[in-house]
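Asks: Have a look at this fold, sequence not included:
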């Protein structure tokens, strides 16, 4: 059985958790706490971030659409393509009940200017979103 190549584009979810997140200027704004993965397609849908009081945002969990992130090899972390206003105006996350509320998810995606994953026709259920 072969071993995974250390320089491959694949990464274990436990390596993503705890990864620093930066704003567009390269300032650390938080870290990824965990990922939300679609159980049918296997695609990452959201990254749950902790901000540690950044911009007056509490230390709770704050979901952002996965498509709002891009990995920066120089920083060794993710850059979140979001604004301070978007972070502060995001719909309130209430935990598990938010995941069963399609209206809440729609408002979250609208807030971050991303198309909801269920409307994305550019990827098949077997392809990776990122």
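Replies: Now that the structure is in, tell me what you want to look at. All figures in this text were calculated on a predicted structure; none of them were measured in a lab. Residues are numbered from 1 along each chain as shown.
Asks: Now do the helices in this structure.
Replies: 13-16, 84-89, 96-99, 102-112 (DSSP state H).
Asks: what's the most buried one of those helices?
Replies: helix 102-112 (a mean of 16; mean count of other Cβ atoms under 10 Å). Where C-beta positions appear, they are placed from N, C-alpha and C, glycine not excepted.
Asks: which residues are contacting it?
Replies: 63-65, 68, 82, 86, 89-91, 98-99, 115-116 (Cβ atoms under 8 Å, 6 or more residues apart in numbering).
Asks: Columns distance to residue 107 and pLDDT on top of these, output as CSV?
Replies: What follows is the contacts of helix 102-112, written out as CSV (distance: Cβ to Cβ, whole Å; pLDDT from 0 to 100):
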residue, distance to residue 107, pLDDT
63, 12, 93
64, 13, 94
65, 12, 95
68, 15, 92
82, 15, 85
86, 12, 87
89, 10, 87
90, 8, 90
91, 4, 91
98, 10, 90
99, 13, 89
115, 13, 91
116, 10, 91
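Asks: I'd like the helices of the chain laid out as JSON lines, including distance to residue 39.
Replies: Converted to JSON lines, those look like this (distance: least, Cβ to Cβ, whole Å):
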{"stretch": "helix 13-16", "distance to residue 39": "14"}
{"stretch": "helix 84-89", "distance to residue 39": "27"}
{"stretch": "helix 96-99", "distance to residue 39": "11"}
{"stretch": "helix 102-112", "distance to residue 39": "15"}
